[in-house]
Each structure stands twice: as structure tokens, then as C-alpha cells.
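Asks: What follows is a protein structure lacking sequence information:
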């Protein structure tokens, strides 16, 4: 057996991966080992520090539930989620930009008709959201699936509320023949990401803000077009420059306009990128 030391260990681990049948898996694991070992050397990582890291990752996994994904939150605050989004969604100019998915999407949300109130009892000021779903060439996209979700004015998503037996401030609707959509909900407000777990402790230790600027989540799908996962942010929010998950894009900032009847209006059009 060859003598292994801190200089030869990295290559030895990579050589053990030589017979990995999946070439992409082999590429990813080899690069991971290379960079992980380089990181340990760069910071002169101690055994005690590595054990602390293991405890942190263990606690992160233990915090995950069916309605909360602490590992997604960790990826978000490290900027890794947004980096992968940016690399995978380099779209032509004019298409709506993508941003992070977030940890609070729920599949099979209630179905609504256009014009319905998806707040369903969520606390907040009433808001009317409307616009068009179009393709890159300006064509109307009919029957696009629009999945929308948001927090209430206390910064809580419905899945965070104990004892709540129905969905609030989330739903699925479809665009009309002319590509238009509209629904009623509540005005988006800024809120802190969950800080009662390992990710929150890390933000505190690094003196980072946990507050996300006010936003609505959208996932829009239509045959022949790339799925769009994005937010619409509220212009003027004081946390736009300090979003802990790095999700803000200038093109996704919009005006929530207070009307004379007390209702707030948000108009936003989405442009999908065709599949080539």
C-alpha cells in the first residue's frame, strides 16, 4: 500500500472513483473531492472545526420536515441556489428572469378561476394582481399553469402555521385565451427567513440580515416553453439590497399601487422562453 499523506491523499481518493460507471457522477465527485480538500488546506481546517461542521450539517437535516427544507435555506443563503439558477437560466433579452424556488412551495395547491381570491383568509391588505403571459415574440400563451404562493402580513406561509387545515395565499390558476390572468390576494410584506434553526444561527454569527424583501412567488408552465420560477418584488422595500438569498433582480421589481378604493393593484407581465 502506498504511503498516504496530506499531499497524496486527494489523488488517492480520486483514483478510487475511476470505475464509477456514470461519467457525470464521476466528474462531479472528483471535482467535489478536489475542491473540498483544497478548502481544508486553504483554511488549515482543524479536526474540532470539522466536527463542528458535521454537527451543523446534522442539525440542518434534523430541522427538515415535509413543509420545511433547511438544506434549501442553507443553499439559498450561501448563494448556491441563485448561482445554479443563473447558470441554468441564461435567457434571451426580454424574457422574464428566474430566481430561487424557496423552501415553501407546496405541490397540488388549490385550483382557482381567474378573478378568485386566493388569500383564503390570510391576513393582509387586499391586493389585485393581473397581467399577461406571453412568449418571446409577443404571442399570447393560453392555458399556462400559474402557481403562486406568498407569506401573510406577519411573514408566515400557511405551511408554517400549526393547526391550519387549509391553504392560504397560494393557489393554481390558468391564463385565458389572450394570455391574461388575474387574482386577488394580499399585499406582499417583508419577512425574515426562519432563524430558529442552524441557518439562522449562521446568519447571526456572521451578522447578516435575515429579512427578505416583499415578494410574490410564481411558477409558470406551458407546453413548448421553459418553466419559469421567479418572484415579483415590491418596489421601495428597504431590504431589496440585502436579500439573504440573493434573489432580487432589477427586472423583477414592480409597483404595488394603492387605489382610491383602498385596494392595492399589481400589474406584471411574464415572458416565457420557448424550448428549442
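Replies: Received the coordinates, thanks. Worth saying up front: this structure is predicted, and the values here are computed from it rather than measured. Numbering: from 1, shown residues only.

Asks: elements contacting the longest helix anywhere in the chain?
Replies: If you go by DSSP state H, the chain has its longest helix at helix 23-43. If you count contacts as 3 or more CB pairs under 8 Å, 6 or more residues apart in numbering; DSSP states H and E, helix 23-43 packs onto helix 9-16. C-beta: built from backbone N, CA, C; applies to glycine.

Asks: list the buried ones in the helix it packs on?
Replies: Within helix 9-16, the residues scored as buried using 16 or more other CB atoms under 10 Å are 10, 13-14.

Asks: cool, stretch 150-162 as well?
Replies: Neighbour-count burial for stretch 150-162 flags 150-153, 155-159 (criterion: 16+ other CB under 10 Å).

Asks: What are the contacting residues of that stretch?
Replies: 67-68, 104, 106, 122-125, 149, 164, 166-170, 185-192, 194, 215-217 (CB atoms under 8 Å, 6 or more residues apart in numbering).

Asks: Could you tell me which of those count as buried?
Replies: Neighbour counting with 16+ other CB under 10 Å marks 68, 104, 122, 124, 149, 167-170, 185-191, 194, 215-217 as buried within the contacts of stretch 150-162.

Asks: Which of the residues you listed fall within strands?
Replies: 149, 170, 185-186, 191, 215-217 (DSSP state E).

Asks: Which of those residues sits closest to residue 268?
Replies: residue 216 (8.5 Å; CB to CB).

Asks: circling back: now, which of the buried residues of stretch 150-162 lie within strands?
Replies: Going by DSSP E, the strands hold none of the buried residues of stretch 150-162.

Asks: which one of the residues you listed sits closest to residue 18?
Replies: For residue 18, the nearest member of the buried residues of stretch 150-162 is residue 159. The distance, counting by CB to CB, is 44.3 Å.
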